[in-house]
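Colleague: coords please:
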Amino acid sequence: MKHLTYIEPLECRIAPATIVNPYTVTYQDYQTQNGSLVQPGNTVVVTISKPLFTSPTAAANILGFTATDGTTTLITSPFSGVYAGNGTAQFLFDINLLGRTDAQGMNISVKVIPQAGIGTGTVNVGEILAANFPGNSTVTENISLGAIYIQGNLGLINVGSNIVSTPAVSSLTVGSMVDGASSMVLGSIPKMTVMGDFNADLNLIGYQFGSIGKLYIGGSLAADSAGDSDSGQIYFQGHIGSATIGNITGSSVAESNTTSDFTGTLRGESTLPTSIGSLHVLGSITGGTGTGSGRVFAESSIGKVAVDGSVIGGSGQDSGEIAGPLKTVKITGSVTGGSGIDSGVILGELLNGSSTVPVGIGTVTIGGSITGGSAGIAATSSALATPGDSGIISAFSAKSITIMGSLIGGTAASPGTADTSGAILVDSAKSITIGGNIVGGNGPSSGIITGLGDGATSFGSIVIGGSVTGNSGANSGAIVADVGFGGSITNLQIGGNLVGDSVNQPTPLVGSGFIEASHFGTLAIKGNVTSGTNAGGGGIANDGAIRSSGDISSLTILGTVTGSASNPVIISAEQGVSKSKRPTTDLAIQSVNISGAASFLDILAGYGPVVSSGNNAAGAPLGDPTDGSAQIGTVTFHSTLEASNVVAGALPDSAGFFGTGGNTGIGSPAVVGVQSSIASIIVAGQPTGDSSPADSYGFVAQQLHLVKVAGTIIPTDTLTLGAPVPVNNTNLYLLEVQ
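Modeller: Residues are numbered from 1 along each chain as shown. As a prediction, this is how the structure comes out:
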């Protein structure tokens, strides 16, 4: 016996859609393309896994249509009760299952029937309503669903039962979610797939159950075309197991009354232990104009992060940012700051109330460079008008940081603004490697490796393939282990040069092309060391300088050392380190080897890194003289030496010169009963002073042991305290002081 196919037109609310059977309804989708109506449109099949389409009335209670793209009211009687088949296009503006307990766990599929030359091949669904939330209606209407498949765009989905441990939907697969409203999901989505772009706002709530197991977005997680706040946002209270996303992009369009906040963001709730297991961004992460735009954040942990493109900051605060306790971060491209605070940032942090607490980062690898932003562009909010912390890696600790390119400070609109750009800020790191250069900017702390400033800084190995070059910003082009807390650098290798900046400004320039720590183990510079000048009269200090508030074990410079009369290159260490309860030595500088020619160089033991022009009336600040017992081991110059000083525990005369009868001991020895001394000074060539008879230079300490110049040992056992002895009949002197 032949069975008749069950086909019945729905009642007027959704006519001319057609019931095929209790599980299936077909209709023609209303579509536009390039602003024009597509006729005929796709034939669409709506399939559910439970037999709820039992009559036109039953189907009409679930499926709601309009005659256009959703901008008009519901159809009441467009066809005067006459069945018109699927011949007229309609828009499926909602699938309403509120309170339908008989739909609990139901699968929903909305697919296009392929027809050559007809339609666009995709469908638009306005919304799926399976739950209400406070402010809308009672939560008693909430249900969960099974697998949802939309072969096209879904505007929004509200779903999830009050048993939050039950997945809100077992899986959600859509072509896209663009220009939609805010969706609420109570519970988890084990698997979510968006084949195209996601410009909507999805909120997963239910505390730890507000989670996504596996997330895939083939297009962009990005702001909508209007730049609405929260567009292109996935907010979660639990965790994201794994996520693969094409691009993450914040809005570049500001709204009329506010900034476009939280656009293009994967955002964990900051007051809950949110986490992301792994994240793979196939393109780039790009910040925008609003706070938190182009941002990835989780409070508890973020596992493996891979970005095939770059991380780029915008003008908004926290834009273009990966933030949270990070385990592994690999960025194939570069990290570039914007004009906003914390823009273009890899940030290891936890939130504690309104404050942030730095935490650790495991391994960070950047295939390109880290570059600070160009600041001075006024942000939309007045609170963001002073940009800073752009283009940085910041964490309490790091296992390893590798930058294949360079670390480059940003450009401020005027010197002294835009703090901390192009920077690595960590209190502890086992290894830091930069394949290219460190280049300072004109803002303070730009192009810098340093600590966070809240504790002892400990760097294991730092390897710079290129040069460290300062700029006009204070502490620009610098490597600083915070000396106030006993910061140390075990091994520092610079493949190129150390260069301070030369400026013409009425304000002081301090810390340009600068290296500082409380302890240096092995320090090697394969190129040259050069200090700069300030022709504008504002003063200059720690420019092209190496300073330690503790000791230097070994320093090797393979190139030349070139300072100037107004700003000599300074290598200083304050005092030796001894674990003995009764130390007999105070070795501040153990060994120095300089292969190239050296001129206008001061090697000083007993001097701290704090500078003040009052320490030297000639205008070349030497640092803070504190330790009268500081000692130097071996200093070897493998070429010539000109207009330079090697000094341990002694003060200059009133004119700022060494090697004169006006030199005295610093006093206040760090080790009582120990005298300042220099074990040996060896100069391969002939050391000299300069051509000015009014100037004076010296090898000065309370005790000089071995002095050897051009292969000849100069006797030191006959020196008289306070009586300078010239070397080579020049204004370079040997002097032992009281």
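Colleague: relative to residue 421, how far out is the residue nearest to residue 517 when sequence neighbours are not counted?
Modeller: Nearest in space to residue 517, with sequence neighbours left out and distances taken as Cβ to Cβ, 6 or more residues apart in numbering, is residue 481 at 3.8 Å. C-beta here means a position set from N, CA and C on the backbone, and glycine is covered the same way. Shown here: residue 481 relative to residue 421, a distance of 20 Å by Cβ to Cβ, to the nearest Å.
Colleague: please identify which of those two sits among more neighbours.
Modeller: residue 421 (37 against 27; other Cβ atoms under 10 Å).
Colleague: which residue is the nearest non-sequential neighbour of the more buried one?
Modeller: Nearest to residue 421 is residue 372, by Cβ to Cβ, 6+ apart, at 2.4 Å.
Colleague: contacting residues for residue 172?
Modeller: 148, 157, 189, 191, 192, 193 (Cβ atoms under 8 Å, 6 or more residues apart in numbering).
Colleague: how about the spatially most central residue of the chain, nearest residue that isn't a chain neighbour?
Modeller: The C-alpha lying nearest the average C-alpha coordinate of the chain belongs to residue 345 (Cα atoms, centre = their mean; 2.2 Å). Distances taken as Cβ to Cβ, 6+ apart put residue 321 closest to residue 345, at 4.5 Å, once the chain neighbours are dropped.
Colleague: same check on residue 474?
Modeller: residue 444 (4.4 Å).
Colleague: against residue 372, how distant is that neighbour?
Modeller: Distance from residue 444 to residue 372, by Cβ to Cβ: 11 Å.
Colleague: higher neighbour count, these two?
Modeller: residue 372 (38 against 24).
Colleague: that one contacts residue 445, doesn't it?
Modeller: No: using Cβ atoms under 8 Å as the test, residue 372 is too far from residue 445 to be in contact (9.6 Å).
Colleague: what touches both of those two?
Modeller: Counting by Cβ under 8 Å, 6+ apart, the residues touching both residue 372 and residue 445 are 420, 421, 423.
Colleague: redo those as JSON lines? Include pLDDT and distance to residue 231.
Modeller: Shown next, in JSON lines, are the shared contacts of residue 372 and residue 445 (pLDDT from 0 to 100; distance: Cβ to Cβ, whole Å):
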{"residue": "420", "pLDDT": "88", "distance to residue 231": "30"}
{"residue": "421", "pLDDT": "93", "distance to residue 231": "29"}
{"residue": "423", "pLDDT": "95", "distance to residue 231": "31"}
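Colleague: the residues you listed in helices, which ones?
Modeller: Using DSSP state H, no member of those sits in helices.
Colleague: next, count neighbours for residue 57.
Modeller: Residues lying near residue 57 (other Cβ under 10 Å) number 10.
Colleague: next: residue 336.
Modeller: 27.
Colleague: what bridges to it?
Modeller: Beta-bridge pairing of residue 336 under DSSP bridges involves residue 312, residue 371.
Colleague: quickly list what residue 236 is bridged to.
Modeller: residue 204, residue 268.
Colleague: check residue 429 too.
Modeller: What pairs with residue 429, by the bridge criterion (DSSP bridges), is residue 398, residue 459.
Colleague: ok, it touching residue 398?
Modeller: Yes: if you go by Cβ under 8 Å, residue 429 and residue 398 touch, sitting 4.4 Å apart.
Colleague: for the stretch 201-350 of the chain, which spans come out with low pLDDT?
Modeller: Applying pLDDT under 70 to the stretch 201-350 of the chain flags the ranges 254-259, 350.
Colleague: same check on the stretch 51-200 of the chain?
Modeller: 67-87, 119, 134-139, 180.
Colleague: ok so, going back, who's in contact with the residue nearest to residue 517?
Modeller: Contacts of residue 481 (Cβ under 8 Å, 6+ apart): 450, 451, 457, 458, 459, 487, 488, 489, 516, 517, 518.
Colleague: can you check residue 607 too?
Modeller: Counting by Cβ under 8 Å, 6+ apart, residue 607 makes contact with 572, 573, 574, 622, 623, 624, 625, 626.
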